[in-house]
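Trainee: Dropping a prediction and its sequence here:
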Amino acid sequence: MKGRCMKCKTDRDMKDTKEVIMKNGMKAMKGKCATCGTSMFKIIGKA
């Protein structure tokens, strides 16, 4: 899964990804940047 890393300021691969469902019912992926280790979050869409 790719996402935008705010620390690297570029699109990076996520490692240790986990699918979560937010309070509003939308799906998202949560993980860490493969390069710098910063937490990443990507909204996928409706559940």
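Mentor: That came through, no problem. Numbers count the residues shown, from 1 in each chain.

Trainee: measure Gly25 to Gly3 for me?
Mentor: From Gly25 across to Gly3, the span is 20 Å (Cβ to Cβ, to the nearest Å). Yep, even glycine has a C-beta here, placed from its N, CA and C like the rest.

Trainee: er, Ala34 I mean
Mentor: Per Cβ to Cβ, Ala34 is found 10 Å from Gly3.

Trainee: Please, where are all the strands along this structure?
Mentor: Listed in chain order, the strands of the chain (DSSP state E) span residues 2-5, 10-21, 26-33, 39-46.

Trainee: Redo these as TSV? Include mean neighbour count and mean pLDDT.
Mentor: Converted to TSV, the strands of the chain look like this (neighbours: other Cβ atoms under 10 Å; pLDDT from 0 to 100):
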stretch	mean neighbour count	mean pLDDT
strand 2-5	16	91
strand 10-21	13	94
strand 26-33	16	95
strand 39-46	13	92
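
Trainee: just to revisit the earlier point, can you pull the residues that touch both of Ala34 and Gly3?
Mentor: 12, 14 (Cβ atoms under 8 Å, 6 or more residues apart in numbering).

Trainee: Need the residue closest to the centroid of the chain.
Mentor: By Cα atoms, centre = their mean, the chain has its centre lying nearest to Phe41, at 2.9 Å.

Trainee: Who does that one form a beta bridge with?
Mentor: Lys30 (DSSP bridges).

Trainee: so what's it up against?
Mentor: The neighbourhood of Phe41, defined by Cβ under 8 Å, 6+ apart, consists of 3, 28-30.

Trainee: Repeat that for Lys32.
Mentor: Counting by Cβ under 8 Å, 6+ apart, the residues that Lys32 touches are 14-16, 38-40.

Trainee: Apply 6 Å and report the result again.
Mentor: Listed by Cβ atoms under 6 Å, 6 or more residues apart in numbering, the contact partners of Lys32 are 15-16.
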